[in-house]
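Asker: here's a sequence, model it:
(one chain, ligands or ions: 1)
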Amino acid sequence: MVEYDRSQSPEGASKAAPRICIVGVGGAGSNVVDRITLDRIVDATLVCAHTDVRVLGHSMAPVKIQLGAELMKGIGAGGDPDLGREAALFSREQIRQAIENHDIIFISAGLGGGTGSGAAPVIAEIAKNTGALVLVVATMPFSFEGRRRLAQAEEALELLQKRADALVLFENNRMGELILPKDGIQKAFNQADQLIAQSLRAISTITITPGLVKLGLDDLTSALANANGRCLFGFGEARGQNRGAEALKKALKSPLIDSGRLLHQTKNLLVHVAGGESLTLVEVEGVMKQLGRHVPDQTHILFGLGVDAKLGDAVAVTLISSLGLNQLNAHATAAPPSEMLMPRPEAPAAAPAPAPAPKRETPARKAPSPYAPPAESVPDLLFKSEEFASVPAIGDSFPMASLQAEIAKVQTQELPVSHVEEPADFADFAAFEEPAPPVMPTAPETARIPVRTPAAKELADAARSSKESTLAAVVARSVTLQTEISPAQDDLISFDEPESEPSAVTAAVAATTAVLARTKPAAESQQTFSLGEEDRGRFKDTEPSIVQGEDLDVPTWMRLKKKLRR
Ligand SMILES: Nc1nc2c(ncn2[C@@H]2O[C@H](COP(=O)(O)OP(=O)(O)OP(=O)(O)O)[C@@H](O)[C@H]2O)c(=O)[nH]1
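Answerer: This is a model prediction of the structure:
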């Protein structure tokens, strides 16, 4: 495999992908790291740091640090932040070794207990001293946990604010309100962990994705700056014809934004729109117009636009803002979370109530980390070489017109498919309940590139000449008709000789090979299922839905798409 080594470029190593480390501290922090590990949502070094060996033992993080092993004897801090702090100080060398050599370090902790509240500020300080950018994602305790926990959380928060470059604070109470009372505490925690994990992914993506309109850490801190503020976070991703509008709708529906209602009161709102290479300006404009109905005119919108080939034909919208705790509480008592989208009325009746007197000063902006590049150079430093370089650019040199002509030929040609065997795990038609809409032939060239590759042609020819390779024929035909240039993570394509032929063709060949390698050969014993006129009884006046073993009620694009994804 030939890899494009960005460190060889004239700009040097500064263009390498940023190294991200996520440290979960204490029980809550470790749960968040587990979720990230399970979902494989961020490409990062995952570390779990805890005083409690039982929790560490169950942690899925590849790197585990037992804090203050000798001091704590493997038992948790029992809700005492002093013990948590001592334990972290005992293990500071181990912590430093685990987290050094990273550009961005996320620290996640539930505040209020002993380990998270005591150790997270120490870890943040060590992280800062390594020269990394330090972002803390923390939760405040539920009100039912009592005043002492809240006081401990507030104290830890102050320490963290002094050390972190940005602090994303979630209110467990608020997240707990969003589940049904009968669902119980476990569900509340799960919901919270999921939101925190999502926000971590979104923030890391925003910071590392090269942007046409780049958002920096200063934008993030502006969006989060609020006296005693809590994070409002919404994320949506969608495919299909109305993907921009759908993605925004999902982001607004995120419980922390309460169907867009909470945005009516925000001063700063960070909006990041990202898509694959097919993302159009019209779509972005549509998203922003629609969003404008949910935010007051005076809201300062921090807008970012990113192109990430990994998104393929999806569009993702991320909304990040913050609201003072008092405003949030006032909103919660005034209006229960709503299911419906509530656009802002055209003429807002009254200005939002003034924010209550701040309890705590918003921390002064920290001096930029030595690792943090100046605003203009952020996209360069944060460019992920191996991912983006592997996606072929579609230029004039690509023989699109002739390929499309060939495809048109193939599309009108009937391949002699006598039957298609469904592999065991292909019978899962439940997955089709909410399928992504088909990609229309009019889709922009960069969304999906129909490619008739030499390899695909060979396969199709072989399929026509051999009755036993019917599945291969369908796959070949499907690959021929709709080859995605942005394959799934496990289909990443290696380029042996990138310059030797158009890279999209290479991609299609590799995709074809990958699909076929995973495809089981058709079983000899399976019989072709066909209905003759005499069998059709009361259905005699209807069109047959199964022809030559293919169920025509299942739209072609669905069958082909499913097979391609396998
Ligand atoms: N979101 C979320 N919050 C949690 C979870 N578990 C605990 N919390 C919150 O985090 C706070 C701290 O709890 P833990 O993380 O278990 O405590 P710790 O930091 O490990 O401290 P010790 O148990 O005293 O060693 C609690 O007061 C809860 O508000 C969880 O799974 N998810």
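Asker: what does this protein put close to the ligand?
Answerer: 26-28, 31, 51-52, 76-79, 110, 112-116, 139, 141-142, 145, 149, 172, 189, 192-193 (CB under 6 Å from any ligand atom). (C-beta placed from N, C-alpha, C; glycine too.)
Asker: buried ones among these?
Answerer: Among the residues of the chain next to the ligand, those scoring as buried are 26-28, 31, 51-52, 76-77, 79, 110, 112-116, 139, 141-142, 145, 149, 172, 189, 192-193 (criterion: 16 or more other CB atoms under 10 Å).
Asker: out of those, which are inside helices?
Answerer: Among those, the residues falling in helices (DSSP state H) are 26, 27, 28, 31, 115, 116, 149, 172, 189, 192, 193.
Asker: so the last one is in contact with residue 36, correct?
Answerer: No: no contact is recorded between residue 193 and residue 36 when judged using CB atoms under 8 Å, the distance being 9.2 Å.
Asker: for residue 217, see how far away residue 75 is.
Answerer: Separation of residue 75 from residue 217 (CB to CB, to the nearest Å): 37 Å.
Asker: which one of these two has more residues nearby?
Answerer: Neighbour totals were compared for residue 75 and residue 217, and residue 217 leads with 22 against 12 (other CB atoms under 10 Å).
Asker: against residue 223, how distant is that one?
Answerer: 11 Å.
Asker: now do residue 322
Answerer: Per CB to CB, residue 322 is found 7 Å from residue 223.
Asker: what do these two both touch?
Answerer: The contact sets of residue 322 and residue 223 overlap at residue 268 (CB atoms under 8 Å, 6 or more residues apart in numbering).
Asker: what stretches of the stretch 201-350 of the chain score poorly on pLDDT?
Answerer: For the stretch 201-350 of the chain, the stretches flagged by pLDDT under 70 are 209-212, 226-228, 255, 259, 328-329, 331-350.
Asker: need the strands for it, in chain order.
Answerer: 211-213, 229-238, 268-275, 300-307, 315-324 (DSSP state E, counting those that start in this stretch).
Asker: tally of neighbours for the nearest residue to residue 129 once chain neighbours are set aside?
Answerer: Take residue 129 and drop its neighbours on the chain: the residue closest to it by CB to CB, 6 or more residues apart in numbering is residue 96, 7.8 Å away. By the criterion of other CB under 10 Å, residue 96 has 14 neighbours.
Asker: for the helix or strand harbouring residue 96, buried residues please.
Answerer: Residue 96 belongs to helix 92-99 when assigned by DSSP states H and E. By 16+ other CB under 10 Å, the buried positions in helix 92-99 come out as 94, 95, 98, 99.
Asker: as CSV, these with distance to residue 162 and pLDDT would be great.
Answerer: Listed next are these as CSV, based on distance: CB to CB, whole Å; pLDDT from 0 to 100:
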residue, distance to residue 162, pLDDT
94, 23, 96
95, 18, 97
98, 22, 97
99, 19, 97
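Asker: distance to residue 267 added to those, as JSON lines?
Answerer: Below are the buried residues of helix 92-99 laid out as JSON lines (distance: CB to CB, whole Å):
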{"residue": "94", "distance to residue 267": "41"}
{"residue": "95", "distance to residue 267": "36"}
{"residue": "98", "distance to residue 267": "38"}
{"residue": "99", "distance to residue 267": "33"}
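Asker: quick one: which of the residues you listed is nearest to the ligand?
Answerer: Of all those, the ligand sits closest to residue 95, with 15.4 Å by CB to the nearest ligand atom.
Asker: correct me, but that closest one touches residue 49?
Answerer: Yes: contact criterion CB under 8 Å: residue 95 and residue 49 qualify, at 6.7 Å.
Asker: ok and the residue in the chain nearest the ligand?
Answerer: Residue nearest to the ligand within the chain: residue 110 (2.1 Å; CB to the nearest ligand atom).
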